[in-house]
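Undergrad: What follows is a predicted protein model with its sequence.
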Amino acid sequence: MAFAQSHIMAARRHQHSRLIIEVDEYSSNPTQAFTFYNINQGRFQPPHVQMVDPVPHDAPKPPGYTRFVCISDTHSRTDPIQMPYGDVLIHAGDFTELGLPSEVKKFNEWLGSLPYEYKIVIAGNHELTFDQEFMADLIKQDFYYFPSVSKLKPESYENVQSLLTNCIYLQDSEVTVRGFRIYGSPWQPWFYGWGFNLPRGQALLEKWNLIPDGIDILITHGPPLGFLDWVPKKMQRVGCVELLNTVQRRIQPRLHVFGHIHEGYGVMADGTTTYVNASVCTVNYQPLNPPIVIDLPTPRNT
Ligand SMILES: Nc1nc2c(ncn2[C@@H]2O[C@H](COP(=O)(O)O)[C@@H](O)[C@H]2O)c(=O)[nH]1
Ligand SMILES: [Mn+2]
Ligand SMILES: [Mn+2]
């Protein structure tokens with residue numbers, strides 16, 4: 001009996017224990033990490049890793065599917081975007097230039113004009129006012145790096161999230177819609193000290209460790225290493241190594257939507273997860289890339 005009980009306990013512990021992701025030895029050099037894992041493991045190569053053609057906007061939705069319309073990096077330039085039919089809108093951050101309340105209100109009005117059943121939004125590094133710690137530091141530095149934000153009164157942005165009345169805003173949090181568990185997080189690797197920047201390695205891994213097991217759709221502002229994260233002018237991979245390891249080894253979502261690296265617009269898949277870089281704006285901040293449509297089978301009992 002004692003054996004049977006301890007055996008059951010061990011099985012339970014196994015069932016509830018979570019895979020621990022550790023900081024990668026190549027964390028601080030993503031280009032080197034990409035080369036190493038490609039040569040030694042073929043980690044980013046066919047046949048399991050492929051570019052994917054996006055679903056045409058006029059393709060009929062298969063019965064029993066939910067249609068996701070994915071956009072990112074609209075940077076207050078929504079007017080020319082042709083929005084396709086769909087059920088759920090996902091915006092992966094950088095909807096403004098500086099997170100000014102006037103920009104947030106305009107974006108919220110635009111969201112209100114769209115017909116989707118659910119609209120899910122996260123912040124990016126340009127939504128400065130959504131990052132409360134960033135704003136507190138900025139005030140201490142007398143707005144040295146962002147003088148145009150200095151005219152804002154703290155009362156106008158302290159509760160800036162509440163201006164987003166026409167969507168579900170996620171910030172290290174999750175929501176279930178149509179049976180899909182969806183998690184959103186704005187953090188990305190440090191680059192010139194914008195909002196929600198964190199150093200590569202342990203600091204970012206701690207944010208990814210907040211993502212619960214069992215998430216179906218992950219939304220982050222930045223890409224994981226090796227998926228639509230290439231910056232041609234620098235000849236660099238800039239995706240987060242810890243995000244890749246968390247996505248591929250622990251979360252294994254059906255869909256991972258991000259933006260941030262405008263040059264990486266497109267769709268890839270690794271056999272488990274479909275990766276969408278939904279940047280609407282090009283590297284010159286022109287809103288020329290169309291929204292990306294993804295159909296997923298709707299979970300039963302919803
Ligand atoms: N070499 C790197 N370039 C980066 C990184 N993060 C962003 N970028 C470049 O900036 C644009 C636009 O980004 P935004 O957040 O200001 O809209 C992006 O397309 C890249 O060219 C980085 O970590 N390293
Ligand atoms: Mn952007
Ligand atoms: Mn960005």
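TA: Good, I have the coordinates. Ligands and ions are numbered 1, 2, ... in the order given.

Undergrad: For the stretch 101-250 of the chain, just list every one of the helices.
TA: Remark: helices assigned in the stretch 101-250 of the chain by DSSP state H, counting those that start in this stretch are 101-112, 132-140, 154-157, 202-208, 241-245.

Undergrad: Identify whichever of these lies nearest to ligand 2.
TA: Nearest to ligand 2 among the helices of the stretch 101-250 of the chain is helix 101-112; the distance by Cβ to the ion comes to 13.3 Å. To be clear about C-beta, it is placed using only N, CA and C from the backbone, and glycine gets the same treatment.

Undergrad: and for the closest one, what are the contacting residues?
TA: Helix 101-112 is contacted by residues 74, 76, 78, 89, 95-97, 119, 121, 127, 129, 152, 156-157, 160, 163-167 when judged by Cβ atoms under 8 Å, 6 or more residues apart in numbering.

Undergrad: what ranges of the stretch 1-150 of the chain fall below the confidence cut-off?
TA: 1-16, 143 (pLDDT under 70).

Undergrad: which parts of it sit against ligand 1?
TA: Taking Cβ under 6 Å from any ligand atom as the contact definition, the stretch 1-150 of the chain meets ligand 1 at 73, 94, 125-126.

Undergrad: Swap in 8 Å and give it another go.
TA: Residues of the stretch 1-150 of the chain lying close to ligand 1 by Cβ under 8 Å from any ligand atom are 73, 75, 94, 124-126.

Undergrad: Show me the two of those that sit farthest apart.
TA: H75 and N125 (11.3 Å; Cβ to Cβ).

Undergrad: Which residues are in contact with each of those two?
TA: Jointly contacting H75 and N125 under the rule Cβ under 8 Å, 6+ apart are D94.

Undergrad: any idea which of the helices of the stretch 101-250 of the chain is most buried?
TA: helix 241-245 (a mean of 27; mean count of other Cβ atoms under 10 Å).

Undergrad: in its sheet, what does the helix or strand that comes right after that helix sit against?
TA: The helix or strand immediately downstream of helix 241-245 is strand 255-258, counting by DSSP states H and E. Looking at strand 255-258 with DSSP bridges, its partner strands are strand 217-220 (parallel), strand 274-277 (parallel).

Undergrad: right, so of the ones you listed, which gets closest to ligand 2?
TA: When the strands paired with strand 255-258 are compared by Cβ to the ion, strand 274-277 sits nearest ligand 2, at 10.9 Å.

Undergrad: Does the closest one reach ligand 3?
TA: No - Strand 274-277 does not reach ligand 3 (Cβ under 5 Å from the ion); its nearest approach is 11.4 Å.

Undergrad: can you tell me the average pLDDT over that strand?
TA: When pLDDT is averaged over strand 274-277, the result is 98.

Undergrad: Centre of the chain to that strand, how far?
TA: 10 Å (Cα atoms, centre = their mean, to the nearest Å).

Undergrad: now stretch 114-128
TA: Centroid displacement of stretch 114-128 relative to its chain, using Cα atoms, centre = their mean, is 11 Å.

Undergrad: Could you do stretch 114-131 as well?
TA: Put simply, stretch 114-131 sits 11 Å off its chain's centre (Cα atoms, centre = their mean).

Undergrad: now the end-to-end length of that stretch.
TA: Taking Cα to Cα, to the nearest Å as the measure, stretch 114-131 stretches 26 Å from start to finish.

Undergrad: Not counting its neighbours along the chain, what's nearest D94?
TA: Spatially, and ignoring its direct neighbours in sequence, D94 is nearest to G124 (3.6 Å; Cβ to Cβ, 6 or more residues apart in numbering).

Undergrad: wait, that neighbour sits on H221?
TA: Yes - between G124 and H221 there is a contact under Cβ atoms under 8 Å: 4.0 Å.

Undergrad: what residues are shared contacts of these two?
TA: 72, 92-94, 186, 188, 196, 259-260.

Undergrad: re earlier: what about burial for the contacts of helix 101-112, which qualify?
TA: When the contacts of helix 101-112 are checked for burial by 16 or more other Cβ atoms under 10 Å, the buried set is 74, 76, 78, 89, 95-96, 119, 121, 127, 129, 152, 157, 160, 163-164, 167.

Undergrad: Could you list the residues of the chain in contact with ligand 3?
TA: 94, 124-125, 260.

Undergrad: which ones among those residues come in contact with ligand 2?
TA: Answer for these near ligand 2 (Cβ under 5 Å from the ion): D94.

Undergrad: Good, wrapping up.
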